[in-house]
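**Student:** Need coordinates for the below:
(chains A, B, C and D)
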4 protein chains.
Amino acid sequence: MRKLIEGFQNFRTSAFPDYARRFQWLAEVGQNPRAAVVACCDSRVDPQMIFSAGPGDLFIIRNVANLIPPYHPNSDYHGTSAAIEFAVRQLRVADIVVMGHTNCGGVKALLSQGELDGDFIGAWMSIAASLHGVGDQAEAERQVVRLTIANLMTFPWIRAAVDAGGLRLHGCLFDVAEADLLLLNQDTGEFKSVRQGVEVPL
Amino acid sequence: MRKLIEGFQNFRTSAFPDYARRFQWLAEVGQNPRAAVVACCDSRVDPQMIFSAGPGDLFIIRNVANLIPPYHPNSDYHGTSAAIEFAVRQLRVADIVVMGHTNCGGVKALLSQGELDGDFIGAWMSIAASLHGVGDQAEAERQVVRLTIANLMTFPWIRAAVDAGGLRLHGCLFDVAEADLLLLNQDTGEFKSVRQGVEVPL
Amino acid sequence: MRKLIEGFQNFRTSAFPDYARRFQWLAEVGQNPRAAVVACCDSRVDPQMIFSAGPGDLFIIRNVANLIPPYHPNSDYHGTSAAIEFAVRQLRVADIVVMGHTNCGGVKALLSQGELDGDFIGAWMSIAASLHGVGDQAEAERQVVRLTIANLMTFPWIRAAVDAGGLRLHGCLFDVAEADLLLLNQDTGEFKSVRQGVEVPL
Amino acid sequence: MRKLIEGFQNFRTSAFPDYARRFQWLAEVGQNPRAAVVACCDSRVDPQMIFSAGPGDLFIIRNVANLIPPYHPNSDYHGTSAAIEFAVRQLRVADIVVMGHTNCGGVKALLSQGELDGDFIGAWMSIAASLHGVGDQAEAERQVVRLTIANLMTFPWIRAAVDAGGLRLHGCLFDVAEADLLLLNQDTGEFKSVRQGVEVPL
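**Tutor:** As a prediction, this is how the structure comes out:
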């Protein structure tokens, strides 16, 4: 914790001065982010850093393996579904970006099975139970992104917003070793590095 | 999305060169973060920025209002509990930092009631149902941090690790307007700005 | 041995009660030390005592004169290199502390030559053969610490981890007569007592 | 490192005052420990703590899995054999205590195979290759202690000293979960807790 506090002191003297007014203004008028990002808790894949975003830009949901469960409301505590609901229905974000990543410990354990039993992890990763047959980790990590987008579309108010043109869903993959970003082409299902020049809807 | 891809290009030319080796190495050997942070999805409170952390440093869980449900394993999809389990039992983090923040939309709606029904948000925020009586938003935001720490202690493997001295829980609050960090003194329950010099256990 | 067993009985009634839970927990979940210490076998320089550390805190390698051979893998029994490999690649320690000490019998014999032939000691101390010309024992003891750090950097997975910012190497010297600790400044090569207030990276 | 330095400051104000004179005296006249201990680097099994020993009492060798290779002098760097030679021929210790421990990561990996390849660990653990057939970890940990004692007896100056009555070898096992000490009866090969009252030669 002491190191984190020193990190905070460092933030105050380095990045903060550029953002001082923005923080004040954001506190006064509230947040109004344009996009939500669904990413993994993994310490190597920070969305705000990877997208060079600043305070107020991105509503960020982070859980194990960037999964979204299928729509299934009940009285239980669904933190991820609640967060996506807050982003879509309260904040009215225009884009949801699902960002997977390579070397994902959750996906790796899912493929090797057994390791993920635990009290909660096994049940959580069972969202992606269909990946057991995939075998190849790189392909499984891509499949998780496609699956999360498909699950998002099971939420009726997401489907309605997408159909109405008020919300777009995007998939991408962060390659940790190369620090590269691969964008999902939802027509072909393929991922391609954005450094090779991909066409992107505005 | 195009703006995010431009942000990524900017990341490649600005922050990336300093971290190129670290990304490669982290991809090779896997992540080994020392601390987990439980924070809000709110676009104004990015833990990696606030703590000046880098790739590999922090395992970050972000949900609405930085809540942790009480320990209650079943076959349902508990994304937050799964993430905290991954941090504690797989990664063996030494510290968990719960970071609340001011101007929290989730807490605000909880206090004003009604707004948070939805399909999932109402159930999710009911974790903090005991705050209805608090009234004052600033006090409620502090109470959420204390509640999350209390709920963390209902997980048997967290309590065992804390009792054994192998894990420490910390609470803090990010003041958006001032971009200040207030640390929770768990003995007195009070929050105090770290800029006034607080004593912190290593 | 009877004296040692009495010492153990004494440990059971004095230090043990404070650590009972920690021992149980550490047995259950395994060790996860944050730092490795390379120290001398000398009976006067116990790292756990000097650093007020407890069970689970420090992975401790002790050999004659706190030496590390240069990287040279073959089929022979390299106990010290194996230990440092276990610390870095299995346990992923974040810090390696090389702790030399004053009045070191190994260094003394190296400087006076002849005494250290033996079956193994002569060959072992030849790691520090470059110190023959140093003459002054106090300076030679400091030089051993610098040499060990340099040899650690010949291990490719140590160099990679250091370059990536995931591992830090530190040098220090324990002054037996004063029970003082001197920290190596790796930029200047100088040792300075920590009681005079040195700047230390977290 | 900063935490270690704070630990040192703590040592100065807590344990040091009791030992100030002893450190001065030990620096002046040199060490003269009565026993050597061969223990594991594992962070949970600190011999000085377990035996309530103080500065100057124990010459401590720590490597992975408390192994001693069989006697085999050549020009290579044999750190462990050099340390045991220093203890026996220079310091003339009267006792050598081999202390194994439960939950040993080295032994566990040896039994499960594969995990210990690495550059050095595989070769080092091959000292105990005969344990592959043992299967049971608890029995393998006991067998390592017996093996190390047997290997010590392959050193001609150890055998000679033992035969002359000038040196005794002892085996014991530290149970991490219970913080218990089990003593090896070298006649029967059995280990028995010292808390049940064992007969010990002086």
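**Student:** Residues of chain A that sit close to chain D?
**Tutor:** Taking CB under 8 Å from any CB of the partner chain, the part of chain A that reaches chain D is made up of A:Arg2. Backbone N, C-alpha and C define where each C-beta goes, glycine included.
**Student:** What residue in chain A comes nearest to chain D?
**Tutor:** A:Arg2 (7.9 Å; CB to the nearest CB).
**Student:** what about that residue, how many residues close to it?
**Tutor:** Using other CB atoms under 10 Å in any protein chain shown, the number of residues around A:Arg2 comes to 17.
**Student:** What separation is there between it and D:Lys3?
**Tutor:** Going from A:Arg2 to D:Lys3 by CB to CB, to the nearest Å gives 9 Å.
**Student:** now A:His72
**Tutor:** 46 Å.
**Student:** Which one's more surrounded, these two?
**Tutor:** D:Lys3 (20 against 14).
**Student:** Where does pLDDT dip in chain A?
**Tutor:** Along chain A, segments meeting pLDDT under 70 span A:113-116, A:197-202.
**Student:** Buried by neighbour count: which residues of stretch A:22-40 qualify?
**Tutor:** Residues A:23, A:26-27, A:31, A:33-40 are the ones in stretch A:22-40 that count as buried (16 or more other CB atoms under 10 Å in any protein chain shown).
**Student:** How far does that stretch sit from its chain's centre?
**Tutor:** Mean-position distance between stretch A:22-40 and its chain equals 16 Å (CA atoms, centre = their mean, to the nearest Å).
**Student:** Quickly run through the sheet partners of the helix or strand hosting A:Val98, with directions.
**Tutor:** Here A:Val98 is covered by strand A:95-101, with elements defined by DSSP states H and E. Partners of strand A:95-101 in the sheet, by DSSP bridges, are strand A:35-40 (parallel), strand A:168-175 (parallel).
**Student:** Residues touching the following helix or strand past the first one, excluding its own?
**Tutor:** Read that as strand A:35-40. Sequence order places helix A:47-50 as the next helix or strand after strand A:35-40, per DSSP H and E. For helix A:47-50, the external contacting residues (CB atoms under 8 Å, 6 or more residues apart in numbering or on different chains) are A:37, A:39, A:53-54, A:57-58, A:60, A:97, A:99, A:174, A:181, B:7-8, B:11, B:15, B:46, B:48-49, B:55.
**Student:** Over to stretch A:172-187?
**Tutor:** Against stretch A:172-187 from outside (CB under 8 Å, 6+ apart): A:44-45, A:50, A:97-103, A:141-142, A:145-146, A:149, A:169-171, A:190-195, A:198, A:200, B:5, B:8, B:11-12, B:16, B:19-20, B:23-24, B:26-28.
**Student:** Provide a ChimeraX selection command restricted to the buried entries of those.
**Tutor:** Remark: buried members of the contacts of stretch A:172-187, expressed as a ChimeraX selection using 16+ other CB under 10 Å:
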select /A:44,45,50,97,98,99,100,101,102,103,141,142,145,146,149,169,170,171,191,194,198 /B:5,8,11,12,16,19,23,24,26,27
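**Student:** circling back to that earlier point, so which of the strands paired with strand A:95-101 gets nearest A:Ser112?
**Tutor:** Minimum separation from A:Ser112 across those (CB to CB) falls at strand A:35-40, 17.6 Å.
**Student:** which residues touch A:Leu58?
**Tutor:** Neighbouring residues of A:Leu58 by CB under 8 Å, 6+ apart: A:33, A:35-37, A:47-48, A:51, B:43.
**Student:** Which other helices and strands does the helix or strand harbouring A:Arg146 contact?
**Tutor:** Secondary structure assigned from DSSP H and E places A:Arg146 in helix A:137-152. Contacts defined by 3 or more CB pairs under 8 Å, 6 or more residues apart in numbering or on different chains; DSSP states H and E place helix A:137-152 against strand A:95-101, helix A:105-112, strand A:168-175, strand A:180-185.
**Student:** okay, now the residue nearest to A:Ile127 when sequence neighbours are not counted: neighbour count?
**Tutor:** Closest residue to A:Ile127 in three dimensions, ignoring its sequence neighbours and counting by CB to CB, 6 or more residues apart in numbering or on different chains: A:Leu67, at 4.8 Å. A:Leu67 is flanked by 26 other residues according to other CB under 10 Å.
**Student:** A:Ala150 is in contact with A:Leu67, correct?
**Tutor:** No. With contact defined as CB atoms under 8 Å, A:Leu67 does not reach A:Ala150; the gap is 11.4 Å.
**Student:** ok so, going back, next SSE after the helix holding A:Arg146?
**Tutor:** For helix A:137-152, the following helix or strand on the C-terminal side (DSSP H and E) is helix A:156-163.
**Student:** That following helix: which residues count as buried?
**Tutor:** A:158, A:161-162.
**Student:** how much space between the residue nearest the centre of chain A and chain C?
**Tutor:** Nearest residue to the geometric centre of chain A (CA atoms, centre = their mean): A:Val38, 1.7 Å. In this view, A:Val38 and chain C are 27 Å apart by CB to the nearest CB, to the nearest Å.
**Student:** correct me, but that residue touches A:Asp95?
**Tutor:** No. Applying CB under 8 Å as the test, A:Val38 and A:Asp95 come out as separate, 11.3 Å apart.
**Student:** ok, the residue nearest to A:Ile127 - contacts?
**Tutor:** A:80, A:124-125, A:127-128, A:144, A:147-148, A:151, B:79.
**Student:** Pick the one among those residues closest to D:Gly118.
**Tutor:** Looking at these and their distance to D:Gly118, the nearest is A:Met125, at 29.9 Å (CB to CB).
**Student:** For the closest one, give me its contacts.
**Tutor:** Contacts of A:Met125 by CB under 8 Å, 6+ apart are A:64-65, A:67, A:106, A:109-110, A:116, B:82.
**Student:** and the residue of chain A found nearest chain C, helix, strand or coil?
**Tutor:** Residue nearest to chain C within chain A: A:Lys3 (4.5 Å; CB to the nearest CB). Secondary structure, DSSP: H, G, I helix; E, B strand; the rest coil: A:Lys3 is helix.
**Student:** Domain-wise, how is chain A divided?
**Tutor:** A:1-30, A:31-196 (automatic domain parsing).
**Student:** do you know which of these lies nearest D:Arg89?
**Tutor:** Going by CB to CB, the one of these nearest D:Arg89 is domain A:1-30, 46.1 Å.
**Student:** Span of that closest one from start to end?
**Tutor:** Start to finish, the residues bounding domain A:1-30 are 29 Å apart (CA to CA, to the nearest Å).
**Student:** near chain B at all, that domain?
**Tutor:** Yes. Shown here: domain A:1-30 in contact with chain B (CB under 8 Å from any CB) through A:1-2, A:4-5, A:7-12, A:14-16, A:19-20, A:23-24, A:26-28, A:30.
**Student:** Helices - which of those land there?
**Tutor:** The helices, defined by DSSP state H, take in A:2, A:4-5, A:7-12, A:16, A:19-20, A:23-24, A:26-28 from those.
**Student:** How far off centre is stretch A:133-149?
**Tutor:** So, by CA atoms, centre = their mean, the centroid of stretch A:133-149 is 15 Å from its chain's centroid.
**Student:** in it, what counts as buried?
**Tutor:** A:134, A:137, A:140-149.
**Student:** Between all of the residues you listed, which two are separated the most?
**Tutor:** A:Gln137 and A:Ile149, at 19.5 Å, using CB to CB across the buried residues of stretch A:133-149.
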